[in-house]
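J.: Just to be clear, the model below is a prediction. Sequence and coordinates:
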Amino acid sequence: MLKNIFKFAWRNIWRNKRRTLLTTLAIVIGVITLIFAKSYISGIMTNSVESVVKTQIGHIRIVHQEYLRLERIFPKENLITDIPKIRELLSQVTEIKHIDERIKFTLLLSYKDVNEPCIAIGIDPVAIDKSMDLSKTITKGHYFDSDRTKLIIGKGLANKMKVDINNELLLVTTDINYSTYALPFNIEGIFETGYSVFDKHILYIPIEKAREMLDAPEAAHEILIFIQNPADAEIIAQKIKSILDQNFPDNQYQVIPYQQSDMVKSFLPMVEKIYDKIIMIIMLIVGLVILNTMLMAVMERFHEIGVLKAMGLKNHNIITMIFVEAFCIGTIGAVIGGVIGGALSAFVEKTGINFEQMMGPEVWDKMDIPIPFFSRIMYPDFTMEILISSVIFGIFITLLAVVYPAYKSSKMLPVDAFRSKLNI
Amino acid sequence: MRKNIIAISIILFLVALLNSQDKLSPFDILDQIDKNMIYQTAYVEMDMIIRIKNRKITKSLTSYAEGNEKSFIEFLSPARDKGTKMLKMNDIIKIYYPSAERIMRLSGHMLRQSMMGSDFSYEDITERVNKLREEYTGEILEDENVVGHNCYVMVLTSKKQKKTYYRIKIWVDKKRYVGLKEELYSKGGKLLKVMKVDKIEIIEQRYYPTVITMEDKLRKNSSTTMILKKIEFNIPIPAQTFTERQLMKK
């Protein structure tokens, strides 16, 4: 008998091709949407940590504890003043790949009659290039050479200031002793990292010049450390902390592995929570579409189910038949959706989604997204786990969709089924 | 005859108008203060003491001024500030930095920046009474005592929404016609700055504030005191003082 039921179910699927096609299509589209959305959001999350590490916090970051507390307002005075000694101490730690010292401060930028407050980052051009490939972000002009009276400026900031390469900018700031100090710089290059926050508010100057401007020789606000194996960041940070504490008894320096950084620890989980909710909503919509389509597909067949019952089919036979049908359609749809969605996500993972192109450069330029890792180009992160979970979800929802109609039709008397086709 | 009637009625109307306005407006008081402060030219030597987070930084400077519109300031110390010069012409400030040997021009909202690391902004030293009259509406509150002096208390409210200091509360010494205290508020009612006059001296038969302290409430534990060490009114000012060339001159 069971064999016959299966045969019934299989024939039913092919009997009304249009209905089958439509329900399958709903499942295919649902699964594609789910895979793509999940890959995209997973891409945002992985990209974020990576870009924050590269551009802002390194694998391990050393800062003055007061600096850490006031970081949002760029406290100039809270510097690491023992740079040469720390450098020497760090040379004992063999796991370190490279060190990247930085000075960050706010200043007033002036060109002709245009003034604009911005953030200057004093850098060692060679070291920062190892951390974040800064030289590759230059879209016009050149990266730093040996001439230390030049700077590179973010594209958005350059646009705001209406300046171009070779223009001379005046940088004015208050130093750590509250004196005002100014220096002229020529624009050597214009960079575009793709991160709105950087491109619209930041310029890079050689660290020696930053030290001169702040009147803080041999000092830095932060030391970023990059190591061979990022997973070891927490252990190595502890090691560095104990070395520093031995040599600087007042414990004024904080050593923070990237996993413990505020940015990764508090901001990302918040973003993650928001994205989890978005995924939930997408799953709900996909689920409802499949549910609705399946429900209609079964319910419009109450009449024929009545006939089957009149012919002597038992309730459990009916239920089995409906579930077998749903399983077949669900599996076919979900697998096709999985293949297409997977291929699409894997393809976009390579090419990326270019928001600037999508919105048009004018709109993109006007947008000011205050998230440090919102990039111009977003790369989805497609994994097998996403594929499998989405396919299973598609099949599961399809089966779930027929629970109610299957139960209902099994309870129905053939007479009622004949009388009205849709008696819910 | 008819002409006379018209003339008389106009005069009567004007008299009525004048009578209706005899109530003191805050701006009349401010004008009165300005009269007290007014000079053709002035030369001032002063110290600017910035106190911030247990630190005390003293800057000394000299200033030439002509009326309210023009002034020329030169910093003499500390070493990093020495030679920095500022030229103020109405609402535009030009600053010469010796380290860069360049001039920066500041205007508009950029004048809200802190002046030379102090609690004063460039705007604080450029705003004048005639501008206040244009941009604020005022009312007079009950008199109050400030360190033993009976004061008019008045509140000015900006006509524009976007003004830095949306509301200004001023205490004016009734007898000497000198502002003793000012509180500056944002639109949200947040206290941004407090200015106090710590010392008033009689200079050339007029009351003149010689020690003024400003506290920027947005900077923690910070205040700036201006101490006027030497003041000369109506002295001849060297020609070309208020020029860009003078700024660049070493």
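T.: Noted; the coordinates are in hand.

J.: All the strands of chain B, in order from the start?
T.: Secondary structure of chain B by DSSP state E: the strands cover B:41-52, B:55-66, B:70-77, B:85-89, B:92-97, B:102-106, B:136-146, B:149-158, B:167-173, B:179-185, B:191-203, B:206-216, B:222-233.

J.: what about the ones you listed, which gets the closest to chain A?
T.: strand B:92-97 (3.5 Å; C-beta to the nearest C-beta). All C-beta spots, glycine's among them, are computed from the backbone N, C-alpha and C.

J.: what about the closest one, distance to the chain center?
T.: Its chain's C-alpha centre and that of strand B:92-97 lie 18 Å apart, by C-alpha atoms, centre = their mean, to the nearest Å.

J.: Also stretch A:80-93?
T.: For stretch A:80-93, the distance to the chain centre is 34 Å (C-alpha atoms, centre = their mean).

J.: and the end-to-end length of it?
T.: 19 Å (C-alpha to C-alpha, to the nearest Å).

J.: what's the answer for stretch B:91-107, then?
T.: 7 Å.

J.: Distance-wise, check the spatially most central residue of chain A relative to chain B.
T.: Chain A has A:Ile44 as the residue nearest its centroid, 1.2 Å off, counting by C-alpha atoms, centre = their mean. According to C-beta to the nearest C-beta, to the nearest Å, A:Ile44 and chain B sit 35 Å apart.

J.: re the thing from before, dump the strands of chain B to JSON lines, plus distance to A:Arg15, mean pLDDT and mean neighbour count.
T.: What follows is the strands of chain B, written out as JSON lines (distance: least, C-beta to C-beta, whole Å; pLDDT from 0 to 100; neighbours: other C-beta atoms under 10 Å in any protein chain shown):
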{"stretch": "strand B:41-52", "distance to A:Arg15": "85", "mean pLDDT": "93", "mean neighbour count": "19"}
{"stretch": "strand B:55-66", "distance to A:Arg15": "88", "mean pLDDT": "94", "mean neighbour count": "17"}
{"stretch": "strand B:70-77", "distance to A:Arg15": "94", "mean pLDDT": "92", "mean neighbour count": "18"}
{"stretch": "strand B:85-89", "distance to A:Arg15": "90", "mean pLDDT": "92", "mean neighbour count": "20"}
{"stretch": "strand B:92-97", "distance to A:Arg15": "85", "mean pLDDT": "93", "mean neighbour count": "20"}
{"stretch": "strand B:102-106", "distance to A:Arg15": "82", "mean pLDDT": "93", "mean neighbour count": "20"}
{"stretch": "strand B:136-146", "distance to A:Arg15": "82", "mean pLDDT": "87", "mean neighbour count": "13"}
{"stretch": "strand B:149-158", "distance to A:Arg15": "78", "mean pLDDT": "91", "mean neighbour count": "18"}
{"stretch": "strand B:167-173", "distance to A:Arg15": "79", "mean pLDDT": "92", "mean neighbour count": "21"}
{"stretch": "strand B:179-185", "distance to A:Arg15": "79", "mean pLDDT": "93", "mean neighbour count": "20"}
{"stretch": "strand B:191-203", "distance to A:Arg15": "78", "mean pLDDT": "93", "mean neighbour count": "16"}
{"stretch": "strand B:206-216", "distance to A:Arg15": "82", "mean pLDDT": "92", "mean neighbour count": "19"}
{"stretch": "strand B:222-233", "distance to A:Arg15": "83", "mean pLDDT": "94", "mean neighbour count": "18"}
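
J.: Turn the ones you listed into CSV, including distance to A:Asp147.
T.: Listed next are the strands of chain B as CSV, based on distance: least, C-beta to C-beta, whole Å:
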stretch, distance to A:Asp147
strand B:41-52, 36
strand B:55-66, 34
strand B:70-77, 31
strand B:85-89, 29
strand B:92-97, 21
strand B:102-106, 18
strand B:136-146, 51
strand B:149-158, 48
strand B:167-173, 49
strand B:179-185, 45
strand B:191-203, 43
strand B:206-216, 39
strand B:222-233, 38
